[in-house]
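Chemist: Generate coordinates for the sequence data below:
(chains A and B)
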Amino acid sequence: MGYYCFNLLTTLAAPATILLKPLSFNSHRLWMLLPIVLIVAVVYKATKIDHLRQLPIASLLLWVTILGGMFAVCLGLLLALLLQ
Amino acid sequence: MMLEDPTLNTPNPRRSVRIQLSGKVISSAVLAWLIPGAGHWYIGQRGKAIVFFCAISLCFWTGAIIGGAYSTVNFHENTAWFFAQIFDGASAIFLSLIGRLPGAMPAYGKVLDLATIYTGVAGLLNVLVILDVLDKTALIETGNNQAGS
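Modeler: Okay, here's the model as predicted:
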């Protein structure tokens, strides 16, 4: 009985071990911008809309707007740096 | 306790509401803090509740897996971000407890930055959700009071 309980506990606790060690994440970090901006767009638009069927288009538009704005700022800063 | 809405005199009827901190308003806010989306579930907006829960939990646990539990939610090492992360409620408390387990390894540098940003943004998004549920519950309560009188 004790053996089965121990097995059950270790099986249940196994997913938590993924949280004990950080990932090695040294390349392509910039791509992680895309999902976080999408999540921000989805949550923000979900607070604004009246019906959920409006959510996909509204959040996609906001996602593109935020990314476009960030790209424009990045381009502007890069140009300012190059022309300095 | 009554909070006066600063936009009380504006013509928009949606904004012309006094937020009365009743039991239902406080319960929905506390539930929204504990589990993202639970406040909306409580007031009957089940679809939005599922969207908030999935989006905010995905963001928080992605950060947690990237940075590990030890450094990501850590009051002593990451104090400023801790106050953003703690708005994720139960998830943040659970993660900080896992971080105290033996064998938890610290994260450094850009991995820690990425993990902190993901978990911090999730907490700040939950602030938005808490404010939204406060607003919606107050509107429902006001509607109920007007219908009752």
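Chemist: ranges for the helices of chain A?
Modeler: A:2-13, A:33-48, A:55-83 (DSSP state H).
Chemist: Residue A:19: which of those is closest?
Modeler: helix A:2-13 (10.7 Å; C-beta to C-beta). C-betas here are computed from N, CA, C, even on glycine.
Chemist: as a whole number, average confidence for the closest one?
Modeler: Across helix A:2-13, pLDDT averages out at 72.
Chemist: Counting neighbours, what do you get for the residue in chain A that chain B sits nearest to?
Modeler: Using C-beta to the nearest C-beta, the closest approach of chain A to chain B is made by residue A:22 at 3.6 Å. Counted with other C-beta atoms under 10 Å in any protein chain shown, the neighbours of residue A:22 add up to 24.
Chemist: quick one: contacts for it?
Modeler: Applying C-beta atoms under 8 Å, 6 or more residues apart in numbering or on different chains, one finds that residue A:22 lies in contact with B:66-68, B:70-71, B:105-107, B:111-112, B:115.
Chemist: Let's see that with 6 Å instead.
Modeler: Residue A:22 makes contacts with B:67-68, B:107, B:111, as judged by C-beta atoms under 6 Å, 6 or more residues apart in numbering or on different chains.
Chemist: thinking again about what came up before, let's have the helices of chain A in TSV, adding distance to residue B:135 and mean neighbour count.
Modeler: Shown next, in TSV, are the helices of chain A (distance: least, C-beta to C-beta, whole Å; neighbours: other C-beta atoms under 10 Å in any protein chain shown):
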stretch	distance to residue B:135	mean neighbour count
helix A:2-13	39	9
helix A:33-48	9	19
helix A:55-83	18	12
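Chemist: Buried residues in the host helix or strand of residue B:128, which are they?
Modeler: Assigned by DSSP states H and E, residue B:128 falls within helix B:109-148. Neighbour counts using 16 or more other C-beta atoms under 10 Å in any protein chain shown place B:111-112, B:114-126, B:128-130, B:132-138, B:140-141 of helix B:109-148 among the buried residues.
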